[in-house]
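> Got a sequence here, can you build the structure:
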Amino acid sequence: MSSAIMQPREGEMFHVVPVIDLREGGVVHARRGDRGRYPSLRSSLCAGNDPVAVVGGLLRLHPFRVVYAADLDAIQGTGGNRLALARLKAAFPDVGFWVDAGFRTADEVRGFVASGLGDAVLGSESLDGLAPLAALKADPVWDRVILSLDFRDRFVGPPGLLESPDLWPQRIIVMTLARVGSGEGPDWGRLAEIGRTKPQASLFAAGGVRNGDDLRDLAGRGSAGALVATALHDGRLGGTELDALNR
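Residues are numbered from 1 along each chain as shown. Okay, here's the model as predicted:
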């Protein structure tokens, strides 16, 4: 694959974004998108799976600027982790949080952004149609919206979204759920396809990142960053390697 598909903007930093998956107030270990079977997180960076302890461990490893949080209970319609998110923001006020809480309407996004807990990730799997994106595009909160294009064997989302890049915000996550926690490597083909569809977007790879080589390859091919979890917690990605990416 040619690196000419996506070219990094001059001076743009590559962002490693650690991921926490919240369920019933704790952090669980995501694997291949099978949410019903996610076990409690066991990490080399902290004791237990309390969200504040987990993010604290991540920040001792590296001064991450942003953390991605998936509220699995909200995504699945079985509850929510707003209290845990509020605890995180209070404990780490200088960290930006990107939160997927299964937002389905423009009003839900506006309400979340107004809460001050973070930027809103609109997951394509949660959307019934294109109307929320169309409504938000003309709204002041548009700059606080991130779109996650979700894939399993195929795209999971409303018809027409992949063909409507004019409705995509600047930040796009290319989420291959079957690769989450798999260690199989990034989904290069899908990243290239989305990069061709909207070359000016800031693309973030999610699912399968194994090590520093993958991160350097993503940066070299023009990705703005990558969402990472397993490789941080099992030690395959250490602080020295993360620091080197930003030099």
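> I figured Ile172 was touching Leu161, is that so?
No. Ile172 is beyond contact range of Leu161, at 11.3 Å (criterion: C-beta atoms under 8 Å). For every residue, glycine as well, the C-beta is placed using N, CA and C.
> where do the contact lists of those two overlap?
Residues touching both Ile172 and Leu161 by C-beta atoms under 8 Å, 6 or more residues apart in numbering: Leu149.
> Tell me which of the two has more neighbours.
In terms of neighbours (other C-beta atoms under 10 Å), Ile172 is the more surrounded of Ile172 and Leu161; the figures are 22 against 18.
> contacting residues around the more buried one?
Residues near Ile172 by C-beta under 8 Å, 6+ apart: Ile146, Leu147, Ser148, Leu149, Ile194, Lys198, Ala201, Ser202, Leu203, Phe204.
> If we use 7 Å, what do you get?
Leu147, Leu149, Ile194, Lys198, Ala201, Ser202, Leu203, Phe204 (C-beta atoms under 7 Å, 6 or more residues apart in numbering).
> List the residue ranges of the chain that fall below the pLDDT cut-off.
Applying pLDDT under 70 to the chain picks out residues 1-12, 31-37, 181-183, 247.
> Kindly recompute the last result at 80.
Counting by pLDDT under 80, the chain contains low-confidence ranges at 1-12, 30-39, 178-184, 246-247.
> which residues of it fall in strands?
Here the chain has its strands, by DSSP state E, at 15-23, 26-28, 66-71, 96-100, 119-123, 145-151, 155-156, 171-176, 202-206, 225-228.
> Just put the ones you listed in a markdown table and tack on distance to Ala135.
Output for those, formatted as a markdown table (distance: least, C-beta to C-beta, whole Å):
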| stretch | distance to Ala135 |
| --- | --- |
| strand 15-23 | 26 |
| strand 26-28 | 32 |
| strand 66-71 | 22 |
| strand 96-100 | 19 |
| strand 119-123 | 11 |
| strand 145-151 | 11 |
| strand 155-156 | 21 |
| strand 171-176 | 18 |
| strand 202-206 | 22 |
| strand 225-228 | 26 |
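> Nearest to Asp234 among those would be which one?
Asp234 sits nearest to strand 225-228 of all those, at 11.1 Å, using C-beta to C-beta.
> Give me the packing partners of the closest one, helices and strands only.
If contacts are counted by 3 or more C-beta pairs under 7 Å, 6 or more residues apart in numbering; DSSP states H and E, strand 225-228 sits against strand 15-23, strand 202-206.
> Give me the distance between Ala219 and Arg171.
16 Å (C-beta to C-beta, to the nearest Å).
> what's the answer for Ala138, then?
For Ala138, the distance to Arg171 equals 18 Å [C-beta to C-beta].
> who's more crowded, the two?
A count of neighbours by other C-beta under 10 Å puts Arg171 above the other of Ala138 and Arg171, at 20 against 8.
> got the contact list for the closest residue to the more buried one other than its chain neighbours?
Nearest residue to Arg171 in three dimensions, chain neighbours excluded: Ile146, at 4.4 Å (C-beta to C-beta, 6 or more residues apart in numbering). Ile146 makes contacts with Trp98, Asp119, Val121, Pro169, Arg171, Ile173, as judged by C-beta under 7 Å, 6+ apart.
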